[in-house]
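Participant: A predicted structure for the sequence below; I have some questions about it.
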Amino acid sequence: MLGAKSKGYRVERKIRIFFEKKNWRVVRAGGSFGDVDLVCLKDGRVILLQVKSSRKKELYYYGHEGEKLEGFPFFIVVDFGYGKIRVTKPKKIIKEDDGISLEEFLNDF
């Protein structure tokens, strides 16, 4: 069984690869005990991401609740497993059908 740090790093890496395939430059916020796990940059745009994973149908989020952080768009990315990755604005309870798929998010941004 993976430890929480290993699992978190694996999910962050998966999300980073999705963004890089769409020509985003992605920087991992080392240590990641803060609000931001990944900083994504493309064509003068910056997106800040908090990456989470859950095997349950909902995740309780206890972090930054604003739609922006330091003036940049801030999103929560949750990997619910089995290819179900959702992107949403921050809120206390994130359900597996909240927000939009990662593919849709990347196509819209």
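Facilitator: In hand now; what should we look at? Numbering: from 1, shown residues only.

Participant: mind listing what the residue most central in space within the chain touches?
Facilitator: The centroid of the chain falls nearest to Val77 when counting by C-alpha atoms, centre = their mean (2.8 Å). With contacts defined as C-beta atoms under 8 Å, 6 or more residues apart in numbering, Val77 is in contact with 15, 49-52, 85-87, 102. Bear in mind the C-beta positions are built from the backbone N, C-alpha and C, glycine included.

Participant: report how many residues lie close to Phe11.
Facilitator: In this structure residue 11 is Val, not Phe. Around Val11 there are 19 other residues, counting by other C-beta atoms under 10 Å.

Participant: are we agreed that it is in a helix?
Facilitator: Yes - Val11: assigned to a helix according to DSSP: H, G, I helix; E, B strand; the rest coil.

Participant: gap between it and Arg45?
Facilitator: Remark: distance between Val11 and Arg45 (C-beta to C-beta, to the nearest Å) = 23 Å.

Participant: now do Tyr9
Facilitator: Separation of Tyr9 from Arg45 (C-beta to C-beta): 25 Å.

Participant: neighbour count for those two, which is higher?
Facilitator: A count of neighbours by other C-beta under 10 Å puts Tyr9 above the other of Tyr9 and Arg45, at 16 against 11.

Participant: all strands for the chain, in order.
Facilitator: Counting by DSSP state E, the chain has strands at residues 25-28, 38-42, 45-53, 58-60, 68-69, 72-79, 85-88, 93-95, 100-101.

Participant: next one: the worst-scoring helix or strand of the chain on mean pLDDT to chain centre, how far?
Facilitator: Across the helices and strands of the chain, mean pLDDT, DSSP states H and E gives its lowest value to helix 4-21, namely a mean of 85. Distance, stretch centre to chain centre, for helix 4-21: 9 Å (C-alpha atoms, centre = their mean, to the nearest Å).

Participant: packing partners of it?
Facilitator: On a contact count with 3 or more C-beta pairs under 8 Å, 6 or more residues apart in numbering; DSSP states H and E, helix 4-21 meets strand 25-28, strand 38-42, strand 45-53, strand 72-79, helix 102-108.
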